[in-house]
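Colleague: Pasting a predicted model and its sequence here:
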Amino acid sequence: MDQYCDGKSKKPGTKSRRCRCSATMLTMLLFVITNSVSVLLSSGAGAFLLRRYKPDSVRLWAWDDSAALLDDLNATQSALAATHAQLADLHARLGTASSLLETLLAGMAARDGAAPAEQRGAWWARELSGELKLAVGSHRSVTGDALPAVGHACSRFQDDLERYMEYKPGGECPSDEALAHQLMRNGCDPLPRRRCRPPSPARYVQPAPLPKSLWTIPPDTTVVWDAYRCKNYSCLAHGGGEFDLRGREKGRWMRDDGALTYSIDGVLAARPNGTVRIGLDIGGVSGTFAARMRERGVTVVTTTSMNSGGPSGSLIASRGLVPVHVSPAHRLPFFDGTLDIVHWTPELGSRPPPVTDVSLEFAVFDIYRVMRPGGLLWLDHFVFSGEQLSATTDRVGFRRVRWNTGKKLVSALLEKPMT
């Protein structure tokens, strides 16, 4: 041992410092090696390698036999595939833990950071006034004081929220739907209530009676169009999208191509007749899925994160269906264990926030919560990695009934177990 590392040196100089640095680096190296081995063992890869390649398990004498070699290679490939799936699941878990840790650290920094002492723990950067202060303040109720529900992220956009709350109490609300949508997209949801009346259409027309209304485009005079790029339903339907009730929409979910496209009748056949009664359609801009289900005696509520370029909520309601605004991060407004089916498809023509591993896991767990045992989750042309989506749905507890993957797309029919 070097004399400068044995504790007896009389010249504690450069070599002593070098010795201490070497000891520190050795400790860090041992720490990294130990954790790497732990990850391999926890994922199953290490155990597999040890089992696979210990000397007494390698049959060199049999490798002249091509059949035995092929069996060995197939077994190795299957074990590697299983190990890869375990590693993907471990990666997703580590990502979730990392995001939760970042959120916790950010919360601690906001609580104990550089903000003035009188503002720590408070939402707003400035003192509230006017309608905004009245709307978000404590209200007396039968059971005592209650705070109205206002999105926590609203505090980050106080200027926009104050503009949203500038109106004449008791009068007509300003035409500011674009501002409201911008706030909701940024996480300021729910918005505070307002004491004003939205403008009414000048020549309102009663909707068509059921079942004719399911496939009838309502008159343009049933909606105030000032907040939208298009100024009538004909403009919206011209692009051939989900507002075109006489064209593209008429054929949706009516056939099964054996791959990504499922039919409603095929999905309903997975359950005894009449046991699928109530459901939820997430991301249905026009309400066509709910209309198809209503034709089959199933009541489906359609959730839209917002009006995607046009009055989708008004269109859905005019068809005799129920639209509900639910933002991507919103807890679903249903009791536990109530829904027989949940259909989830991306909103076409919109730009929703990107779905991450963590946000997907929270969403799938919330869907699991509101579904009854034996209920069906239909993922329809879902834009997500099939491997990560599979790891998430398996971890939540869903059982596969059907699973199809395409280029960057996944369609799946999943079941919530009975027990």
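Modeller: Now that the structure is in, tell me what you want to look at.
Colleague: Tell me where the stretch 51-200 of the chain has helices.
Modeller: 66-112, 130-136, 158-164, 177-185 (DSSP state H, counting those that start in this stretch).
Colleague: what's the second one packed up against?
Modeller: In this structure, helix 130-136 packs against helix 158-164, with contacts taken as 3 or more C-beta pairs under 8 Å, 6 or more residues apart in numbering; DSSP states H and E. (Glycine included, C-beta is placed from N, CA and C.)
Colleague: Let's have the helices of the stretch 51-200 of the chain in JSON lines, adding mean pLDDT and distance to Asn273.
Modeller: Formatted as JSON lines, the helices of the stretch 51-200 of the chain follow (pLDDT from 0 to 100; distance: least, C-beta to C-beta, whole Å):
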{"stretch": "helix 66-112", "mean pLDDT": "71", "distance to Asn273": "36"}
{"stretch": "helix 130-136", "mean pLDDT": "86", "distance to Asn273": "49"}
{"stretch": "helix 158-164", "mean pLDDT": "95", "distance to Asn273": "49"}
{"stretch": "helix 177-185", "mean pLDDT": "86", "distance to Asn273": "40"}
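Colleague: closest to Arg194 out of those?
Modeller: Evaluated over the helices of the stretch 51-200 of the chain, closeness to Arg194 peaks at helix 130-136, with 7.2 Å, by C-beta to C-beta.
Colleague: Could you check the closest one and say which residues are buried?
Modeller: Buried residues in helix 130-136, counted by 16 or more other C-beta atoms under 10 Å: 131-132, 135-136.
Colleague: And those, which two are furthest apart?
Modeller: Maximum pairwise distance in these, criterion C-beta to C-beta, is 9.6 Å, between Glu131 and Val136.
Colleague: center of the protein, which residue is that?
Modeller: Nearest residue to the geometric centre of the chain (C-alpha atoms, centre = their mean): Leu360, 4.0 Å.
Colleague: counting contacts, what elements does the helix or strand where that residue lies pack onto?
Modeller: Assessed by DSSP states H and E, Leu360 sits inside helix 357-370. Other helices and strands packing on helix 357-370, by 3+ C-beta pairs under 8 Å, 6+ apart, are helix 66-112, strand 339-344, helix 386-396.
Colleague: State the mean pLDDT of it.
Modeller: Helix 357-370 shows a mean pLDDT of 91.
Colleague: in that helix, what's buried?
Modeller: For helix 357-370, the neighbour count (16+ other C-beta under 10 Å) marks 357-358, 360-361, 363-364, 367-370 as buried.
Colleague: out of those residues, which one sits closest to Leu409?
Modeller: Using C-beta to C-beta, Leu360 comes nearest to Leu409 of those, at 15.0 Å.
Colleague: I'd say the closest one and Thr392 touch.
Modeller: Yes. Counting by C-beta atoms under 8 Å, Leu360 touches Thr392, with 5.7 Å between them.
Colleague: to the chain's geometric centre, what's the distance from stretch 199-214?
Modeller: Here stretch 199-214 shows a centroid-to-chain-centroid distance of 33 Å under the convention C-alpha atoms, centre = their mean, to the nearest Å.
Colleague: Nearest spatial neighbour of Asp336, chain-adjacent residues omitted?
Modeller: In space, and not counting its chain neighbours, Asp336 is closest to Arg369: 5.5 Å by C-beta to C-beta, 6 or more residues apart in numbering.
Colleague: Next, the contact list for the one you found, please.
Modeller: 332, 336-337 (C-beta atoms under 8 Å, 6 or more residues apart in numbering).
Colleague: Return the members of those classed as buried.
Modeller: Buried subset of these (neighbour count, 16+ other C-beta under 10 Å): Leu332.
Colleague: okay if I get the contacts of Arg369 as CSV plus secondary structure, distance to Lys168 and pLDDT?
Modeller: Compiled in CSV, the contacts of Arg369 are given as follows (DSSP: H, G, I helix; E, B strand; the rest coil; distance: C-beta to C-beta, whole Å; pLDDT from 0 to 100):
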residue, secondary structure, distance to Lys168, pLDDT
Leu332, coil, 35, 94
Asp336, coil, 42, 98
Gly337, coil, 45, 97
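Colleague: got a markdown table for the contacts of Arg369, with distance to Phe398 too?
Modeller: Converted to a markdown table, the contacts of Arg369 look like this (distance: C-beta to C-beta, whole Å):
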| residue | distance to Phe398 |
| --- | --- |
| Leu332 | 16 |
| Asp336 | 16 |
| Gly337 | 15 |
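Colleague: So which of the contacts of Arg369 is the closest to Leu409?
Modeller: Of all those, Leu332 has the smallest distance to Leu409: 23.9 Å, by C-beta to C-beta.
Colleague: Report the separation between Ser234 and Pro198.
Modeller: Separation of Ser234 from Pro198 (C-beta to C-beta, to the nearest Å): 23 Å.
Colleague: cool, and Arg163?
Modeller: Counting by C-beta to C-beta, the gap from Arg163 to Pro198 is 17 Å.
Colleague: between those two, who's got more neighbours?
Modeller: Arg163 (15 against 11; other C-beta atoms under 10 Å).
Colleague: Need phi/psi at Gln410.
Modeller: Slight slip there: residue 410 is Val, not Gln. Here is the backbone geometry of Val410 (degrees, to the nearest 10): phi -140, psi 130.
Colleague: circling back to that earlier point, Leu413: which of the helices and strands packed on helix 357-370 is closest?
Modeller: Of the helices and strands packed on helix 357-370, nearest to Leu413 by C-beta to C-beta is strand 339-344, at 9.8 Å.
Colleague: ok, back up a step: relative orientation of the helix holding Leu360 and helix 386-396 in degrees?
Modeller: The directions of helix 357-370 and helix 386-396 differ by 40 degrees, with axes from the mean of the first three to the mean of the last three C-alpha atoms, to 10 degrees as the criterion.
Colleague: what's the angle from helix 357-370 to strand 339-344?
Modeller: Using the same axes, to 10 degrees, helix 357-370 lies at 160 degrees relative to strand 339-344.
Colleague: elements contacting whichever helix or strand comes after helix 357-370?
Modeller: Downstream of helix 357-370, the next assigned helix or strand under DSSP H and E is strand 371-382. Contact analysis of strand 371-382 by 3+ C-beta pairs under 8 Å, 6+ apart lists strand 339-344, helix 386-396, strand 409-415 as its packing neighbours.
Colleague: how far away is Cys235 from Pro218?
Modeller: 14 Å.
Colleague: more crowded one of these two?
Modeller: Neighbour totals were compared for Cys235 and Pro218, and Pro218 leads with 20 against 15 (other C-beta under 10 Å).
Colleague: That one should be in a helix, yeah?
Modeller: No. Read with DSSP: H, G, I helix; E, B strand; the rest coil, Pro218 is coil and lies in no helix.
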